[in-house]
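Engineer: Got a predicted structure here, sequence first:
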Amino acid sequence: MPYLVECLASVEAQTLAPARMEVIAVDDGSTDGTGECLEEFAARAPMPVTVVRQDNSGGPSGPRNVGLGKASGRYVFFLDADDRLGPEALERMVAMADENGTDVVLGRVEGVNRTAPKSMFGKTVGRTDVHSSRIKFTLSAQKLFRRALLDRHGMRFDESLWTGEDALFTLEAYLRADGVSVLADYTCYYLVGREDGKHVTKTGGYALRFDSARALMKLIADMVPAGDRRDALMVRPFLITLLPQFGPTFLTDDEDVRRHKFELARPLMDAHWTPGVARLLKVHERLRLHLVAMGRPELLLDVVRFVKAKKQAPAVLEKRGTRLYLIYPHFRSRAAGVPDEIYLAAAGEARAFEGYRAAAANTFLRRALRKARRMLPAGGFGSAAA
């Protein structure tokens, strides 16, 4: 409350026939009148509504699993109480899944007082997969899932995770799905920013983010063979979950927290940080994670300060313009010992600089990062082939 009122109104306003819908609302021990609001909604709603009232579980996984266990429809959609649906959302998403025979449908998301994912919604696509699109960059649970897929694989939200549980669930669904649809020409979901800032994803200590990264990396490693496809998927937990722990907040962390973050990161770097992942990142992202793999927090601080200042790193062109290095802190410092290759821009990042020639650059970068792996502490780039 009070966001729930508008959320329920958006359900009641759906153009999908009420006879084709069921609502399962789980009141997870609220103390703000939510339960009473749900009971009132159930009494007047034109579709069947089941209200479950339970003691607070502390996170979203438990309530979602309760709801999923009671669902009987062909599809399920997880709607958070502070968000809302576009009027035609369910009708359009169900039609998309039926037409294309896909197991997951992503409807376009619009942020209200907060940012929303955009890169995967460039155009409507009837059938794609996690390897051929950018859907790995939206792993929230607010998707349409074919229930038979979830039941066939016994999929449920991991109740041991306090954040990132939706990422784990959604990525597994992408990987197991017989096709994914993207509905980009209609706003299906309004992601609402709470005025009190009490979003689950913004609460909890930093250690929870490492738990989330660990679970997501393990899922990818277990389900996708080593190689380019695994590396491309690993970019997501490294970039979105792990790297922010070594961003501006690292400057304000005390020494004990910095040390602990490095300890938590080390097994993840040893197991999953490969040249194939590194080459897919921008230079400053790759450099920070390389320094984490090296166990060099004192060098990382200089890089984070530089990045926080939003300075444009100077560029050096070599080898007749086919190699472009971005001069972040510690470039060619003997004391630091960071290989040149870590500063080598891939073609996509280097094209912005006049005089750069892309020929053979990416191939060279692959070879160079393999060479850089040998300079890390044992296991620092992982054992998997890129």
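Structural biologist: That came through fine.
Engineer: Surely Val292 and Glu263 touch.
Structural biologist: No: in this structure, Val292 is not within contact of Glu263 by CB atoms under 8 Å, at 10.9 Å. The C-beta positions use only the backbone N, C-alpha and C, and glycine is treated the same way.
Engineer: These two: which has the busier surroundings?
Structural biologist: Val292 (25 against 11; other CB atoms under 10 Å).
Engineer: Looks to me like that one is in a helix.
Structural biologist: Yes: Val292: assigned to a helix according to DSSP: H, G, I helix; E, B strand; the rest coil.
Engineer: Let me see the contact set for it.
Structural biologist: By CB atoms under 8 Å, 6 or more residues apart in numbering, the residues touching Val292 are 246, 262, 265, 269, 300.
Engineer: any idea which helix or strand carries the last one?
Structural biologist: If you go by DSSP states H and E, Leu300 is part of helix 297-308.
Engineer: buried set for whatever helix or strand comes next after that helix?
Structural biologist: Tracing the chain past helix 297-308, the next element assigned as helix or strand by DSSP H and E is strand 315-318. Using 16 or more other CB atoms under 10 Å as the test for burial, strand 315-318 gives 315, 317.
Engineer: what sits up against the helix or strand following strand 315-318?
Structural biologist: Using DSSP H and E, the helix or strand that directly follows strand 315-318 along the chain is strand 323-326. With contact meaning CB under 8 Å, 6+ apart, strand 323-326 is reached by 283-284, 313-318, 331, 340, 343-345, 349-350, 353, 356, 361, 364.
Engineer: After strand 323-326, which helix or strand is next? Please name it.
Structural biologist: Toward the C-terminus from strand 323-326 - assigned by DSSP H and E - lies helix 347-350.
Engineer: Give the other helices and strands that that following helix contacts.
Structural biologist: Using 3 or more CB pairs under 8 Å, 6 or more residues apart in numbering; DSSP states H and E, the elements in contact with helix 347-350 are helix 361-373.
Engineer: roughly how far out does the host helix or strand of Leu219 sit from the chain middle?
Structural biologist: Element membership for Leu219 (DSSP H and E) is helix 206-223. From the chain centre to the centre of helix 206-223 is a distance of 11 Å (CA atoms, centre = their mean, to the nearest Å).
Engineer: Based on its surroundings, how many neighbours for Ala148?
Structural biologist: Neighbours around Ala148, by other CB under 10 Å: 11.
Engineer: Now do the contacts for it.
Structural biologist: Residues near Ala148 by CB under 8 Å, 6+ apart: Arg74.
Engineer: The residue sitting furthest away from the middle of the chain: what's it in contact with?
Structural biologist: Within the chain, Arg320 marks the point farthest from the mean C-alpha position, 38.4 Å out by CA atoms, centre = their mean. Listed by CB under 8 Å, 6+ apart, the contact partners of Arg320 are Arg357.
Engineer: any idea how far Thr15 is from it?
Structural biologist: Here Arg320 is placed at a distance of 61 Å from Thr15 (CB to CB, to the nearest Å).
Engineer: Any regions of this structure where pLDDT drops low?
Structural biologist: The model of the chain has pLDDT under 70 over residues 196-204, 359-364, 366-367, 371, 373-375, 378-386.
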